[in-house]
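Colleague: starting from these lines, generate the structure:
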Amino acid sequence: MKTIYWIGHSVFRAAAKAFFRYQVVGREKLVQSGPLLIAANHESFLDPPLVGIAWDEEVYYLARKTLFKGPTKWLYPRWNAIPVDQEAPDMSSLKRIIKILKSGEQVVVFPEGARTLTGELQAGEPGVGLIATKAKATIQPIRIFGAFEALPRGSGRLRFHPITIVVGDPITLTEEEKKAKGREAYQAISDRIMAAISKIKHPSEL
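Modeller: Presented below is the predicted three-dimensional model:
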């Protein structure tokens, strides 16, 4: 399984650099050990591998349960994808994610839940706050630029548009946040994460 993961990692990284002039800005901020919740904006179907290849270590991903069909049912688990039912999230999936984080791994999540339709940031969902709290994880905010232009939601046409990943400063939960309970408290943590992502600027804006 590890061999298949690293083959995919190498192929995606090479393709991203060749076709999208992929670059990671702020690489020195990357947290290299877990438990780490990697939280990124969601622009495109390309987002999971674009975020994952920024790390030289294995990372885990959340993926819609509906994607695990046919050949991908075999392949996605070997790429460390964890199936999640977005329509009716169940505690078994959340418990699995939290267990993986507590073991010291890195997990990629998209707080917005669904890909943006406009390219603009959306509000975060409370689920990411719950996961962060239960796992006592450090949060790494990431902002993706260019993936929406390369492959927007609803489009079947891939454009070779430059894509940049910009790394934000890690977020450490306060002692109060680590004890948070309830939807409102989890939403507040998700809002804090999305606020951090929104502050990340493209290098051309600095």
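
Colleague: what's the following helix or strand after the helix ranked longest in the chain?
Modeller: For the chain, the longest helix by residue count, based on DSSP state H, is helix 2-20. Sequence-wise, the next helix or strand downstream of helix 2-20 (DSSP states H and E) is strand 23-25.

Colleague: from the contact counts, what lies against that following strand?
Modeller: strand 164-167 (3 or more C-beta pairs under 8 Å, 6 or more residues apart in numbering; DSSP states H and E). For every residue, glycine as well, the C-beta is placed using N, CA and C.

Colleague: identify the residues contacting the strand it packs on?
Modeller: 22-27, 29-30, 50-51, 54, 140-146, 200-203 (C-beta atoms under 8 Å, 6 or more residues apart in numbering).

Colleague: list the buried residues of stretch 115-133.
Modeller: 115-116, 121-122, 124-133 (16 or more other C-beta atoms under 10 Å).

Colleague: those into CSV, with extra columns for pLDDT?
Modeller: Output for those, formatted as CSV (pLDDT from 0 to 100):
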residue, pLDDT
R115, 94
T116, 95
L121, 96
Q122, 96
G124, 95
E125, 93
P126, 93
G127, 90
V128, 93
G129, 95
L130, 93
I131, 94
A132, 94
T133, 95
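
Colleague: looking at those residues, which are in strands?
Modeller: With strands defined by DSSP state E, no entry of these lies inside them.

Colleague: surely G26 meets I142?
Modeller: No - with contacts counted by C-beta atoms under 8 Å, G26 stays clear of I142, the gap being 9.2 Å.

Colleague: on that earlier part again, would JSON lines of the buried residues of stretch 115-133 with distance to H161 be doable?
Modeller: As requested, the buried residues of stretch 115-133 are exported to JSON lines (distance: C-beta to C-beta, whole Å):
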{"residue": "R115", "distance to H161": "16"}
{"residue": "T116", "distance to H161": "15"}
{"residue": "L121", "distance to H161": "19"}
{"residue": "Q122", "distance to H161": "21"}
{"residue": "G124", "distance to H161": "25"}
{"residue": "E125", "distance to H161": "27"}
{"residue": "P126", "distance to H161": "32"}
{"residue": "G127", "distance to H161": "30"}
{"residue": "V128", "distance to H161": "27"}
{"residue": "G129", "distance to H161": "32"}
{"residue": "L130", "distance to H161": "34"}
{"residue": "I131", "distance to H161": "31"}
{"residue": "A132", "distance to H161": "31"}
{"residue": "T133", "distance to H161": "36"}
